[in-house]
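Q: One predicted model, sequence on top.
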There are 2 protein chains.
Amino acid sequence: MRSVPTRGAGRQPGSGVGVLDRSVALLAALENGARTLAEVAGRAGLPRPTAHRLLGALETHGLVRRSREGYALGPGLIRLGSAASRDLPLADAARPTLERLTGRTGESSQVYVRVGDERVCVAAVESPNELRTIVEPGVSLPMTAGSAAKVFLADADEADRERLLRSSGRSAALRTDITGVARRGWAHSAGERQAGVGSVSAPVRDGDGHLIAVVSVSGPMSRMRPADARRHARHVVAAAREIEAAIGARSG
Amino acid sequence: MRSVPTRGAGRQPGSGVGVLDRSVALLAALENGARTLAEVAGRAGLPRPTAHRLLGALETHGLVRRSREGYALGPGLIRLGSAASRDLPLADAARPTLERLTGRTGESSQVYVRVGDERVCVAAVESPNELRTIVEPGVSLPMTAGSAAKVFLADADEADRERLLRSSGRSAALRTDITGVARRGWAHSAGERQAGVGSVSAPVRDGDGHLIAVVSVSGPMSRMRPADARRHARHVVAAAREIEAAIGARSG
DNA sequence: TGGGTTGTTCCGCATAGTGGAATCTGGTAT
DNA sequence: ATACCAGATTCCACTATGCGGAACAACCCA
């Protein structure tokens, strides 16, 4: 349980087959709103009998539930999800820092971690402004748009980054932005993910220099021009350092 | 590559073999605080190499994460848990009703659903009283203590109920209480689960009469004497009817 | 009544998964 | 340094586990 051998997000040979991979594919299909067996099986790329059997097994564990409208994610996931956020030090450790960050910049702030090929918000504080961005904890955003995405991309290894860039339509623009991130230590974006929304992000690293999360502030583009971004950047970077310290301080 | 003709295994779900069952057992072990491989494997009842391999697979899907302190539940579960509570009609449908229920009784109110052999809180409203009970959404409580547990037990089929009762130390007392529940339509408990805490619960059923959830109010025993319980009971039962109506009304 | 949909069961086959044993890693006492 | 230990990781021969095509059942609508 000492130093972890840097098993990155890269796929392992033999992944994509196996009960576990199929089950995760089914849960993803349900997360995307599939309801009928055929629909779920189709989106997960599985034969109907296989999907049927696995969904039945998942149901006995409460990870899937069935209702009149078909299959859906089950209450067992609510339980596990709540337990997961309870013992992820990051969420608790980051909250006071996010509150200060929003206090200093006046904008909404968030912390993201990478999950598969997306990034999930694990903590957020809303701006007191009447016009503000809202990102709820638990939501999952793409790895190919927004300043936080650029920070993740800048840190990913070559093959991983290329794969993600290929899946976006704008690899050229992103590629140049990414090199800037590594140099400056923070990223900026304007209207990439959502029209009219801009943001500034910085990496949070562990003792070995591995990326574990990204902190962001985001707001309407009218308050996120390049000059604003530069002003916010030092606070965002400082917040990243604070979170690193807060995590390092705990025993577990 | 040679394969001896093997008799079809034909096992039933939930019997605890199979990749999925083992994986769920591992997640449960992590939920209970296991950190090192040996500890996780031990609690899940699996050999170390098996646990190691499965945890690795779970990690690539973000359902498990590794840190300096060992294994833990991963951020992917936060994402799935949040998606699950987002599309469980119950939680949203119940909130206004719980607010009214707490308004009328002055006590904290909750909705539970059954997950495996436990019950999980999916929605809660806190009493405005200075002295009040707090049950956070997502937490998981036993099926063998508290008034909500009695409602679940009263509805379970014979074999299921016996198994759960056997696992508690007080099957005789519970058994008599349970018969009362079926007659009255609500359950009362005092100091069973937590010293000094009492509660009143009623079943929420779907159109076919199947139990889908339980509504409760809970508070300090000083405000939960038998007379209080009877007074609260009608509000709790009315709340159950309201929630049934709210769920039936949606199209999905 | 017949064609389209969906959910469900069956079962022979082979592959994905198992776990005992061996090995590696790092920490700590001698 | 040396021996020791506990936890993590890899190996691999063997087989129970899971696979999915095919057939069946239960609907719905025209």
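A: Nice, thanks for sending it over.
Q: contacts, neighbours, all on C-alpha from now
A: Noted.
Q: could you list every residue that touches A:Pro226?
A: For A:Pro226, no contacting residues are found, by CA atoms under 8 Å, 6 or more residues apart in numbering or on different chains.
Q: what separates it from B:Tyr112, distance-wise?
A: Distance of A:Pro226 to B:Tyr112, given as CA to CA, to the nearest Å: 49 Å.
Q: Check A:Gln110 too.
A: According to CA to CA, A:Gln110 and B:Tyr112 sit 30 Å apart.
Q: Compare the two and say which is more crowded by neighbours.
A: Neighbour totals were compared for A:Gln110 and B:Tyr112, and B:Tyr112 leads with 31 against 27 (other CA atoms under 10 Å in any protein chain shown).
Q: Would you verify that the more buried one is located in a strand?
A: Yes: membership of B:Tyr112 in a strand is supported by DSSP: H, G, I helix; E, B strand; the rest coil.
Q: which SS state does the residue nearest to it when sequence neighbours are not counted fall under?
A: Take B:Tyr112 and drop its neighbours on the chain: the residue closest to it by CA to CA, 6 or more residues apart in numbering or on different chains is B:Cys121, 4.4 Å away. The assignment at B:Cys121 comes out as strand when based on three-state DSSP.
Q: and B:Cys121, how far is that from A:Gly198?
A: Per CA to CA, B:Cys121 is found 37 Å from A:Gly198.
Q: same check, this time on A:Ala84
A: Distance from A:Ala84 to A:Gly198, by CA to CA: 30 Å.
Q: and if you look at A:Ser216?
A: In terms of CA to CA, A:Ser216 sits 10 Å off from A:Gly198.
Q: tell me which element the closest residue to DNA strand D within the stretch 51-200 of chain A falls in.
A: Closest contact between the stretch 51-200 of chain A and DNA strand D, by CA to the nearest atom of the strand, is at A:Leu54 (6.3 Å). Take DSSP states H and E as the rule and A:Leu54 turns out to sit in helix A:48-60.
Q: do the same with A:Ser199
A: Counting by DSSP H and E, A:Ser199 is part of strand A:197-205.
Q: Kindly report the same for A:Ser216.
A: Using DSSP H and E, the secondary-structure element containing A:Ser216 is strand A:211-220.
Q: what does that strand rub up against?
A: Counting by CA under 8 Å, 6+ apart, A:101-102, A:105, A:107-114, A:131-133, A:147-148, A:151-152, A:155, A:196-206, A:224, A:232, A:236, A:239-240 sit against strand A:211-220.
Q: Go again with 6 Å.
A: Strand A:211-220 has contacts (CA atoms under 6 Å, 6 or more residues apart in numbering or on different chains) with A:107-113, A:132-133, A:196-205.
Q: same question, stretch A:99-119
A: A:98, A:120-127, A:140-143, A:213-219, B:62, B:76.
Q: if we go to 7 Å?
A: Residues outside stretch A:99-119 that contact it (CA atoms under 7 Å, 6 or more residues apart in numbering or on different chains) are A:9, A:98, A:120-128, A:132-133, A:140-143, A:212-219, A:232, A:235-236, A:239, B:61-62, B:75-76.
Q: What of stretch A:31-48?
A: A:Ala25, A:Leu26, A:Ala29, A:Leu30, A:Ala51, A:His52, A:Glu69, A:Gly70, A:Tyr71, A:Ala72, A:Leu73, B:Ala83.
Q: pLDDT value on the closest residue to DNA strand D within the stretch 101-250 of chain A, please?
A: The minimum distance from the stretch 101-250 of chain A to DNA strand D, using CA to the nearest atom of the strand, falls at A:Asp208 (15.8 Å). With respect to pLDDT, A:Asp208 scores 73.
Q: which residues in chain A form helices?
A: For chain A, applying DSSP state H gives helices covering A:19-31, A:37-44, A:48-60, A:75-86, A:89-105, A:147-155, A:158-167, A:171-184, A:226-249.
Q: Take those and lay them out in CSV including mean pLDDT.
A: Converted to CSV, the helices of chain A look like this (pLDDT from 0 to 100):
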stretch, mean pLDDT
helix A:19-31, 94
helix A:37-44, 94
helix A:48-60, 94
helix A:75-86, 89
helix A:89-105, 94
helix A:147-155, 96
helix A:158-167, 88
helix A:171-184, 91
helix A:226-249, 92
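Q: who does the strand holding A:Ser216 pair up with?
A: When pairing is defined by DSSP bridges, strand A:211-220 lines up against strand A:108-115 (antiparallel), strand A:197-205 (antiparallel).
Q: how far is it from where the chain is centred?
A: In terms of CA atoms, centre = their mean, to the nearest Å, the centre of strand A:211-220 is found 10 Å from the chain centre.
Q: now it against helix A:226-249, angle please.
A: On the basis of axes from the mean of the first three to the mean of the last three CA atoms, to 10 degrees, strand A:211-220 is oriented at 150 degrees to helix A:226-249.
Q: sorry, back to before: and the contacts of stretch A:31-48, which are buried?
A: Among the contacts of stretch A:31-48, those buried by neighbour count (16 or more other CA atoms under 10 Å in any protein chain shown) are A:Ala25, A:Leu26, A:Ala29, A:Leu30, A:Ala51, A:His52, A:Tyr71, A:Ala72, A:Leu73, B:Ala83.
Q: count of neighbours near the closest residue to A:Met143 other than its chain neighbours?
A: What sits nearest to A:Met143 in space, not counting adjacent residues and going by CA to CA, 6+ apart, is A:Ala149, at 4.7 Å. Using other CA under 10 Å, A:Ala149 has 24 other residues around it.
Q: And A:Ser127, by the same measure?
A: Considering only other CA under 10 Å, A:Ser127 is surrounded by 22 other residues.
Q: how close does it get to B:Val237?
A: Distance from A:Ser127 to B:Val237, by CA to CA: 41 Å.
Q: Taking the centroid of chain A, which residue is nearest it?
A: Centroid check for chain A by CA atoms, centre = their mean gives A:Arg119 as the closest residue, at 1.6 Å.
Q: And the pLDDT for it?
A: Predicted confidence (pLDDT) for A:Arg119: 94.
Q: beta partners for it?
A: For A:Arg119, the beta-bridge partners are A:Arg114, A:Leu141 (DSSP bridges).
Q: and if you look at the one 4 residues further on?
A: Taking DSSP bridges, one obtains A:Val111 as the residues bridged to A:Ala123.
Q: For B:His52, see how far away it is.
A: From A:Ala123 to B:His52 the distance is 30 Å (CA to CA).
Q: What of A:Gly74?
A: Using CA to CA, A:Gly74 is found at 26 Å from B:His52.
Q: Could you do A:Leu90 as well?
A: 25 Å.
Q: and if you look at A:Ser67?
A: 35 Å.
Q: on that earlier part again, just the buried ones among the contacts of stretch A:99-119, please.
A: A:9, A:98, A:120-127, A:133, A:140-143, A:212-219, A:232, A:235-236, A:239, B:61-62, B:75-76.
Q: Keep only these that also lie close to DNA strand D.
A: Counting by CA under 7 Å from any atom of the strand, nothing from those sits close to DNA strand D.
Q: Show the contacting residues for A:Ala246.
A: Per CA under 7 Å, 6+ apart, neighbours of A:Ala246: A:Ala93.
Q: repeat that with 8 Å
A: Residues near A:Ala246 by CA under 8 Å, 6+ apart: A:Ala93, A:Ala94.
Q: is stretch A:32-51 up against DNA strand D anywhere?
A: Yes: Stretch A:32-51 is in contact with DNA strand D by CA under 7 Å from any atom of the strand, via A:Leu46, A:Pro47, A:Pro49, A:Thr50.
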